[in-house]
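Colleague: okay, predicted coordinates and the sequence, questions at the end:
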Amino acid sequence: MTWKKIGGLFSPQVAEPSGGTGGGGTGGTSASGGSGNAAGEAGSGNAAGSAGSAGSGGNTGGSGNAAGSAGSGGGSGGAVDSGIPDVSFDYQAPDVEEPDACAAVTAEAVKPPVDIIWTIDQSGSMGNEIAQVKANVNGSFASIIQNAGLDYRVIMFSNGSSSVSSTYRLCVDPPLGSATCGENNPPIFFQVNRTIASTNSWSLFMNDTYWTQIKANLRPDAFKAFIEVTDDQSTVTAAQFDAFLLTGNGAGYFGTAAERNYVFHSIVGVNAPLNPTDPKTTSKCGTAVNTGPQYQDLSILTGGLRHPVCDTDYSVVFANIATNIVKAVACELLTPPTASDAGIIDWAKVEVQYTPGDGSPAQIFPLFADEASCVGDGFYYDDPASPTKVLLCPDSCAKVQADDGAKVELLLGCLGS
């Protein structure tokens, strides 16, 4: 039995028997007796005829008869049983590990979408501040978000309808807003028209009527960024508003207490710009009514910035907040589908490649079990068993955030079948 390989399978083959042996030709007839007669010539193809027997004193023997005709060829061979029982089976040839036999797959790192919620106090003391918002929201804010390549949208929770006097009406011009004040400009701009007073922005946000309108334009998986602009304070505490977002009607949109999916930035009555690590201040800027302590609390809790509402030029303020939003999602990358036409991803073999914006050589970030395990550069998954996000370790996060030209890619290796 021999083996023949067909693709990756071996199948047994049995040799066919050979044909039968042809029969011998009939020998020529011997010559009649004589003394020392020569033997007859061999028959063509058959055994030679026997020589004539010598006669005793007789006449010279005659020539031997012609050789006999050739024997006919053997018939076709019949099947021959080998004596081994018949067997039928397939054999799968073993896989051989060939590291260089496939092309590695690289996926572009995609940042999560971002939904930005603006709330502007439209009380009588806010005329100059509203003018600054309208003058800078396109050039100093939206342009930075747009140029960063983010999938973003803006929800403006302030009144842009004609029911509000022009001084306090919140109109956002194109390209971000609509050509008609107070109207939507989908898919990036949506306005919920409600006049916001000095201290009621959070209570109105939590109202079913307005929350339903706001929620209709939010994406559950998007990172949320609030921007509050007011010279006063709130009648709702930071803890109450946070609870509404996480476990109240806002549940499913803003993350959890263990992992909030939002940041709250405050442009309020503080007397100087403050970072998230700075304590709450009671020092008020000149034209403000209050320092906005509740808004400060939520900014500190979520890592947001605090800027003075009294500034006469909001271009720097808006640019700082826009840059902070871009950086907030720089350390989170969405994972590609686990399985596709290209194959199945082995998450244990994925690597993150960071290419600095200055053109220096690319660096590979290794995988860690979680953030607590991070040592130096690296990354980890939000859920190791079924990842939806790739999260950069703190050192790598800081490195990427500081590099405006950074390029981050996922090296998926060879995909399985």
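Modeller: Okay, I see it.

Colleague: the stretch 51-200 of the chain: helices as residue ranges?
Modeller: Using DSSP state H, counting those that start in this stretch, the helices assigned to the stretch 51-200 of the chain run over residues 127-136, 143-147.

Colleague: adding distance to residue 266, mean neighbour count and mean pLDDT, write these out as TSV.
Modeller: In short, each C-beta sits where N, CA and C put it, glycine included. Formatted as TSV, these follow (distance: least, C-beta to C-beta, whole Å; neighbours: other C-beta atoms under 10 Å; pLDDT from 0 to 100):
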stretch	distance to residue 266	mean neighbour count	mean pLDDT
helix 127-136	13	18	96
helix 143-147	19	16	92
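
Colleague: check which helix or strand residue 301 maps to.
Modeller: helix 293-302 (DSSP states H and E).

Colleague: rewinding a little: how about the helices of the stretch 51-200 of the chain, which one is nearest residue 332?
Modeller: Among the helices of the stretch 51-200 of the chain, the nearest to residue 332 by C-beta to C-beta is helix 143-147 (15.9 Å).

Colleague: ok, and what's touching the closest one?
Modeller: If you take C-beta atoms under 8 Å, 6 or more residues apart in numbering as the criterion, helix 143-147 is touched by 114, 116, 152, 319, 322-323, 325-326.

Colleague: okay, it in PDB with CA atoms only?
Modeller: Output of helix 143-147 as PDB, limited to C-alpha atoms (Å, rounded to 0.1, in the frame of the first residue of the first chain):
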ATOM      1  CA  SER A 143     -11.900  73.900  14.800                       C
ATOM      2  CA  ILE A 144      -9.600  72.200  17.300                       C
ATOM      3  CA  ILE A 145     -11.900  69.300  17.800                       C
ATOM      4  CA  GLN A 146     -12.500  69.000  14.100                       C
ATOM      5  CA  ASN A 147      -8.800  69.100  13.200                       C
END
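
Colleague: could you look up the SS state of residue 290?
Modeller: Of the three states, residue 290 takes coil under DSSP: H, G, I helix; E, B strand; the rest coil.

Colleague: what does the pLDDT read for it?
Modeller: Reported pLDDT at residue 290 in the predicted model: 97.

Colleague: that one against residue 269, yeah?
Modeller: Yes - using C-beta atoms under 8 Å, residue 290 is in contact with residue 269, at 5.3 Å.

Colleague: common neighbours of those two, please.
Modeller: 231-232, 284.

Colleague: which among the residues you listed gets closest to residue 248?
Modeller: The closest of the shared contacts of residue 290 and residue 269, once distances to residue 248 are taken by C-beta to C-beta, is residue 232, at 23.7 Å.

Colleague: how near is that closest one to residue 240?
Modeller: Using C-beta to C-beta, to the nearest Å, one obtains 17 Å as the distance from residue 232 to residue 240.

Colleague: pretty sure residue 224 belongs to a helix, no?
Modeller: No - counting by three-state DSSP, residue 224 is located in no helix; its state is strand.

Colleague: between residue 290 and residue 269, tell me which one has more neighbours.
Modeller: Set residue 290 next to residue 269 and count neighbours by other C-beta atoms under 10 Å: residue 269 wins out with 28 against 18.
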